[in-house]
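>>> Pasting a predicted model and its sequence here:
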Amino acid sequence: MFSEHGRAMLAYATQLTRDRAAAEDVVQEALVRAWRHPDSLNNGKGSVRGWLLTVVRNIVLDQIRARNRRPPEVGESPPDAAVEGDHADQVVTSMVVVDALSRLSNEHREVLEQVYLQGNTVAEAAEALGIPPGTVKSRSFYALRALREVGKERLAS
């Protein structure tokens, strides 16, 4: 049966699945079904090839329906690869930064917010805070040093 209809079945299954390996599996399943139901092949209602191609189509449709009913599969990533989209490290880092910022004085925190979060220049930060540019620079220096110290403490514990 395969020698007579196998090429047509494989070509049709490949056209439906667009995947040669999947098409081979479909043809194998269709041939198993034909072997289990030999009476369906010789019922006189149509050609054997037509029946086999219908079985191929039905198997492919069943696979598509089954795939659509379950959630999409997640592919395996190499063991050394970082997980894409995993933002846990970013969350932890932001929690550490927020904690460190909360330990700073209001003056130091305001300077860092102006310069680093809002992207202001030293002159713009000085104008917004109503302090001299030199004070912005020194507060920024001491605030960053304090943040580094908090970071070192966190890493040590």
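Arrived safely, thanks for sending.
>>> domains of the protein?
2-69, 88-156 (automatic domain parsing).
>>> Same list (those domains) but as TSV, adding mean neighbour count and mean pLDDT.
Using the backbone N, CA and C atoms, a C-beta is placed for each residue, glycine as well. Output for the domains of the chain, formatted as TSV (neighbours: other Cβ atoms under 10 Å; pLDDT from 0 to 100):
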stretch	mean neighbour count	mean pLDDT
domain 2-69	14	84
domain 88-156	14	86
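>>> Ramachandran angles for G50?
Phi and psi for G50, reported as degrees, to the nearest 10, are phi -60, psi -40.
>>> Then N120?
For N120, the backbone dihedrals are phi -80, psi 150 (criterion: degrees, to the nearest 10).
>>> Please name the residues that touch it.
Q114, A128 (Cβ atoms under 8 Å, 6 or more residues apart in numbering).
>>> Could you do H37 as well?
Counting by Cβ under 8 Å, 6+ apart, H37 has no contacts.
>>> How about R33?
V55.
>>> Let me know the helix or strand that it is in.
helix 20-36 (DSSP states H and E).
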